[in-house]
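> no FASTA, just this:
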């Protein structure tokens with residue numbers, strides 16, 4: 001067997017907040033990606049009805065906002081922290097120091113993204129009501 005048969009290039013999706021480097025094969029039943037965030041940028045506030053995600057913070061500093069049943073919780077996230085985002089959990093990532101998050105999830109469908117606002121830059125003085 002030739003090892004080059006197993007090698008393929010990652011897919012890269014540019015985003016307002018940075019980029020996604022998708023390292024899972026196109027037809028896989030799961031999705032693996034690295035989310036690279038620019039400092040002082042945030043993702044949209046969004047949720048998925050089907051997708052279940054697991055994250056590991058690889059580098060950087062983030063404030064992550066979770067909203068469940070109308071109750072908002074904010075958590076400071078740094079290197080080594082892990083999170084589980086289940087279907088229906090509203091989440092938004094604020095990047096305070098440029099960094100990366102590894103995400104492994106069930107298959108990612110564009111039609112399963114429900115955005116409640118837009119991604120973009122945010123104020124350096126954003127709400128600091130954070131659980132550490």
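Noted; the coordinates are in hand. This structure is a prediction, so every number in the text was calculated from the model and none was measured.
> Excluding sequence neighbours, find me the nearest residue to the residue nearest in space to the middle of the chain.
With distances taken as C-alpha atoms, centre = their mean, residue 35 lies nearest the centre of the chain, 5.8 Å away. Excluding its sequence neighbours, the residue lying closest to residue 35 (C-beta to C-beta, 6 or more residues apart in numbering) is residue 101, at 4.4 Å. For the C-beta atoms, the positions are set from N, CA and C on the backbone; glycine is no exception.
> Residue 89 contacts residue 66, correct?
Yes: counting by C-beta atoms under 8 Å, residue 66 is a contact partner of residue 89 at 6.1 Å.
> thought residue 116 was touching residue 43?
No: the criterion here is C-beta under 8 Å, and residue 116 misses it with residue 43 at 11.0 Å.
> which one of the two has more residues nearby?
Shown here are residue 116 and residue 43; by other C-beta atoms under 10 Å, residue 43 has more neighbours (25 against 11).
> got the contact list for the more buried one?
Residue 43 sits next to 15, 17, 91, 92, 93, 119 when contact means C-beta atoms under 8 Å, 6 or more residues apart in numbering.
> and the residues you listed, which are buried?
Buried by 16 or more other C-beta atoms under 10 Å: 15, 17, 91, 92, 93, 119, out of the contacts of residue 43.
> buried set for stretch 40-59?
Quick answer for stretch 40-59 (16+ other C-beta under 10 Å): 40-48, 51, 53, 55, 57.
> Quick check: mean pLDDT of that stretch?
Averaged across stretch 40-59, the pLDDT comes to 97.
> Is residue 122 in contact with residue 44, as I believe?
No: counting by C-beta under 8 Å, residue 122 sits too far from residue 44 to count as a contact (11.7 Å).
> Give me the buried stretch members for the helix or strand that residue 75 is a member of, please.
Residue 75 belongs to strand 71-78 when elements are defined using DSSP states H and E. The neighbour-count check on strand 71-78 (16+ other C-beta under 10 Å) flags 74, 77 as buried.
> picking that back up, who are the contact partners of the residue nearest to residue 35?
Taking C-beta under 8 Å, 6+ apart as the test, what residue 101 contacts is 34, 35, 37, 55, 56, 57, 58, 60, 62, 93.
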